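Undergrad: Output the structure for:
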Amino acid sequence: MLKKLVLFDIDGTLLSVSKINRSVLGDALKEVYGTEGSTGTHNFAGKMDSVIIHEVLGSAGLSEADISGKFELAKATYIEMFRVQAKAEDVTLMEGVRELLDEISVRSEMMLGLLTGNFEESGRHKLRIPYIDHYFPFGAFADDATSRNGLPPVAVEKAYRMTGRRFSADDVVIIGDTEHDIACAKAHKAKSIAVATGTYSSGELKKHKPDVVLENLCQTDLVISEILRSTTN
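TA: Numbers count the residues shown, from 1 in each chain. Sure, this is the predicted structure:
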């Protein structure tokens, strides 16, 4: 019987992507808007792709109207360029991830999904490269909401449509590597498991008071134990 809906972030949690992600976005924005804004130096960690585009272009002085008017073209251009250019050597799977996904995927009490700031098509391509896309039958992406905090209800609804099970907040576990993943879980009274495999150290993550902090996802039994452990929010 399903007990837990386990939602994984992508970048910094499941895998890491080389500088190509940043360079491709910059090239796409230059093609559409004539500038990449602050793409070269902007902090992307934990942010929605849509938010990143608005922030980096806003730093170059573009108005919201200017950005919004060409946003869909910029999104499509970035996705197509990323799918063409990103290769196997650009994506590194985090240690222990494949073993963890193998185990969760055969456990009847857990359902896997994604909760990520990636656009769906580019995010899925990142997962296809190391052959882990098939573990995730659904996800909540930057296409689905304007903020990360808007994603958990989307994920819960998609899980309901697939299974007929309406997961309560106590049944949802969000696993990510930034303060934004933690805040997102807290906003919806879900359990947060923070993993220090991205740009945040375990000490930095602890300051944001997640339910659990792990150095990595290498200890499969420990991670599953923490997923299934009840918590009070």
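
Undergrad: So which residue is smack in the middle of the chain?
TA: residue 116 (2.4 Å; CA atoms, centre = their mean).

Undergrad: My guess is it contacts residue 123. True?
TA: Yes: the criterion here is CB atoms under 8 Å, and residue 116 meets it with residue 123 at 5.4 Å. In short, each C-beta sits where N, CA and C put it, glycine included.

Undergrad: Common neighbours of the two, please.
TA: Residues touching both residue 116 and residue 123 (CB atoms under 8 Å, 6 or more residues apart in numbering): 10, 139, 141.

Undergrad: Tell me how many other residues crowd the last one.
TA: In other words, residue 141. 25 (other CB atoms under 10 Å).

Undergrad: which intervals of this structure have sub-threshold pLDDT?
TA: Along the chain, segments meeting pLDDT under 70 span 231-233.

Undergrad: The same query, at a cut-off of 90, please.
TA: Low-confidence segments of the chain (pLDDT under 90): 1-2, 19, 21-22, 36-47, 59-60, 146, 230-233.

Undergrad: what about the helices in it?
TA: Using DSSP state H, the helices of the chain run over residues 20-33, 49-58, 64-69, 71-85, 97-105, 120-128, 151-163, 179-187, 202-206, 220-228.

Undergrad: of those, which approaches residue 1 most closely?
TA: Residue 1 lies closest to helix 151-163 among the helices of the chain, at 10.8 Å (CB to CB).

Undergrad: Can you spell out which helices and strands pack onto the closest one?
TA: For helix 151-163, the elements it packs on are strand 4-8, strand 110-115, strand 139-140, strand 172-176, helix 179-187, judged by 3 or more CB pairs under 8 Å, 6 or more residues apart in numbering; DSSP states H and E.

Undergrad: For that helix, buried residues please.
TA: Of the residues in helix 151-163, 151, 152, 154, 155, 156, 158, 159 count as buried by neighbour count, 16 or more other CB atoms under 10 Å.

Undergrad: before we move on, what about stretch 129-147?
TA: For stretch 129-147, burial by neighbour count (16+ other CB under 10 Å) applies to 129-130, 132, 135-136, 138-145.
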